[in-house]
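>>> Okay, structure incoming, though there's no sequence with it:
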C-alpha cells in the first residue's frame, strides 16, 4: 500500500502575499529601514520638485547615512563633508530659509593651532535645477592665518529604494574625470540602459584634488575673507518644469518678488482670531508649495502634490488624490493637476508584475535605476485598491467647486474605465465588494491606506488571509457611485447611467450593513472581510472614514461617533488607528495605534457631515494644539500615547515631514469647522467654530470661476461675492 502525503499549500496573507513565488531578496524592500535617521534630530532638508538635499545641522552628509542629493529617485551625492585642518565644524545656528534654501552658520572647534571661534563659516544652499552652495570663510583674528579647507565629495548613484534599505556597491562601475586645475569633479555611472552623471563645478578652483576631495590652502590676511560658489547641475526630464529661482540673492532675500511670495499671493487670504490656526495655515500653504510637482502635459503646465519628504517626492495615487481633495475648497489647481496626471497613467492592460489592470489608477511612479531596468515594478506600480475610487471622488469634488464641465467631459472615458475596474477587476470574486491581493512577487500585501504588512489584523493579532475587502474602500465606492451619478446627470449627459449608479450604491449600502456590522463591544464595523469572508474584528479609525463617505445609516452614526471619541480609540491628540483594547495595539506601530492627521481630518469631516460638530471640533482643536510642538507642521503620524501621560505628542520615529496629506489636513479641518461645502453651484456655510478659534475670515475663495468672501464667528457667518 502506497501512502500519499498531503500537500499543504500556504495561504497568501499581507505578511506573505505571494507564497510559492521566488522573491529576489537582493532587491530592497521599501519597509527595511525603520530606524530614526542618522543625521540627527536637527537634520535639514531642502527640496524643489523631485530634488532634495538632506544633511545634518552643519550642512554635511556623512557617507553611510540616508542623506545626500537626490533627484528623480537617484542619489547624486552621498558624501559632502566640509572640514578645516581635518576637523569638522560646529553649528552656531542653521535652518531652512524657504523650502528650497538653507543657511548654516558655523565655526571651528578648539584646534592645535587655532583658538575656538577664530573662523566664521557660512554655507548658503539651495536646490532648483541642481544644487547650489556658497561657502564663505571669515577670519576673526588680527594676524594672517593659514588653514586647509577640504570638501570631501562622494556619490554612490544609489536608487532611492536602496537608500531606504541597503546600497549595492557600484564603485567598480563609477568612472571619474576630475579636472587637473581643480575647477570641477566629474563622476559617471552606466549600467545597461541606465546612465547618470554628477558634475561639481567651482567658482574658485581647488588648489589640489586628492582622490574625490577638494582642497583649498587658504592664506587669509588679518580678518580676511574667502568665498567659493559650487554648482552641481542636474538634468531634468523632458516634462519637468524648471524652477524659477536661480541665484543666491533671490533664494535668501527676506522680502520681494520671489517664487514663494508669488505662490502665497495667489492663495485666498486667511484671517482668524486664533494665532495657532493662523500659523498652521501659513505653514500648510508653504509646505504644499514645497511638495508641488510641476510638469508639462499636452502643452499645459499642471501642478500636483508629491506625497512627502524624504521617501515619497513623487506622484502617489492615494496620497496625491487625498491631498488634492483636502485643498480643493481653497483652490482647484492641485486637484486639476492630480486628475490629469493620474488619468494619463491609467491602466490599459493586465500586467501581473506591476499589478496593472484596465481602468486602474496607479499607486506610485518611480524613475530610479531599479525601476528603469525592470527590477522594480514602479513604472508605474498599480498595487492600490483605493486610488481608482478616490480619483472618481476627486473628479466630482473638483467639479462641485469649479463647474468645469469641459474637464469632466474630457475625462469621461477615464471615469467610465474606472467604474468598470470597480465592478470587474476590483471585485475579485463577484460578491459586490472591492478586494485586493497582489499578483506581483514584489507587490504590496496590503493595498489600502494601511499598507504595512500588519496594518490589517484581527482583534487577537492574527493576520487575515487574502484577498481582503476593507471597510473604508467600500465606503469610497458608495460615495463614488453617488457622485458619478451626479456627474452623469450633469456634464456627462447620461441619465441612464445615473439611475444604475444610484441603484448600485443602495444595494452596496444594504449588503455592507449586513456583512460588516458587529454587535459586540458596543457595536462597530469590521475593518475588513478576509479571504474566507470572515469579519476582521479589530476596532480601528477606519470606521470614521465611513462617516466621511456617507455609507453609515443615520441610526448608527451616533454609535460610531461614540466609539471614535472613546478612551480606547481617542488618545486626546486624535483618533488612534487601532483601539487600545486590541491585542496588536502599539502606540508607535505604524498603523497599530498611531494618530494620523490625514485620517483624523477625514474623520472630522465625517462627524460634521452627520451633525456631530462638537466631536469634530474636538479632533480639530487637538490636532492644532499638537502642531504647536512641531513648529506648526503636522507630521505624517505621531504616537498614540494617552495625552494625560505627556504634555506633548510623541513623534513617530520615521514620519515624513513635510508630508502631503498631513499638510492638507488643516484645510479639511477648517472645512469641518465652517461647514463649508459646494452644493448645486452654491457655497454653503454652516459654521460652528470652537471658542478657542474665534473668528475665521477667508477673502478671495475661488469657486465656480468667481471669488468669494467667507466669514464666521461661532454659529454665525456669511458668504458673498468678493469685491
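Perfect, thanks for sending it. The model shown is predicted, which means the values in this text are computed figures rather than measured ones.
>>> Could you identify the helix or strand that succeeds the longest helix along the chain?
Determined from DSSP state H, the single longest helix within the chain is helix 495-516. Once helix 495-516 ends, the next helix or strand along the chain (criterion: DSSP states H and E) is strand 517-518.
>>> Identify the residues contacting residue 11.
Residue 11 sits next to 19, 465, 466, 531 when contact means C-beta atoms under 8 Å, 6 or more residues apart in numbering. For glycine as for every other residue, the C-beta is placed from the backbone atoms N, C-alpha and C.
>>> again, but for residue 419
359, 392, 481, 484, 501.
>>> Would you reformat the residues you listed as TSV and include distance to residue 675, neighbour count and pLDDT?
Below are these laid out as TSV (distance: C-beta to C-beta, whole Å; neighbours: other C-beta atoms under 10 Å; pLDDT from 0 to 100):
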residue	distance to residue 675	neighbour count	pLDDT
359	35	22	98
392	24	26	98
481	25	25	98
484	24	26	98
501	27	22	98
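>>> between these, which is nearest residue 493?
Nearest to residue 493 among the contacts of residue 419, counting by C-beta to C-beta, is residue 484 at 13.0 Å.
>>> And the contacts of residue 419, which is closest to residue 509?
After measuring these against residue 509 - C-beta to C-beta - the closest member comes out as residue 481, at 10.1 Å.
>>> my guess is that closest one meets residue 504, correct?
Yes - contact status for residue 481 versus residue 504: in contact at 5.5 Å, counting by C-beta atoms under 8 Å.
>>> hey, what's in contact with both of the two?
Between them, residue 481 and residue 504 share no contacting residue, judged by C-beta under 8 Å, 6+ apart.
>>> quick one: the strands in the stretch 51-200 of the chain?
For the stretch 51-200 of the chain, the strands defined by DSSP state E, counting those that start in this stretch occupy 51-55, 68-71, 74-77, 79-84, 87-88, 90-98, 101-107, 119-127, 130-139, 145-154, 174-176, 184-191, 194-202.
>>> quick one, which of those strands is nearest to residue 338?
Of all the strands of the stretch 51-200 of the chain, strand 51-55 sits nearest to residue 338, with 20.3 Å by C-beta to C-beta.
>>> In terms of secondary structure, what does that closest one contact?
Judged by 3 or more C-beta pairs under 8 Å, 6 or more residues apart in numbering; DSSP states H and E, strand 51-55 is in contact with strand 44-48, strand 68-71, strand 119-127.
>>> which one of the ones you listed is the most hemmed in?
Across the helices and strands packed on strand 51-55, averaging neighbours per residue (mean count of other C-beta atoms under 10 Å) puts strand 68-71 on top, at a mean of 26.
>>> and residue 688, how far is that from residue 607?
Distance of residue 688 to residue 607, given as C-beta to C-beta, to the nearest Å: 11 Å.
>>> More neighbours: those two, which one.
More crowded of residue 688 and residue 607, by other C-beta atoms under 10 Å: residue 607, with 28 against 19.
>>> Just list the residues touching that one, thanks.
544, 547, 561, 564, 613, 615, 616, 619, 672.
>>> Could you find the closest non-adjacent residue to residue 203?
Computed as C-beta to C-beta, 6 or more residues apart in numbering, the closest residue to residue 203 that is not its neighbour in sequence is residue 229, at 4.1 Å.
>>> Could you do residue 710 as well?
For residue 710, the closest residue by C-beta to C-beta, 6+ apart turns out to be residue 698, at 4.5 Å.
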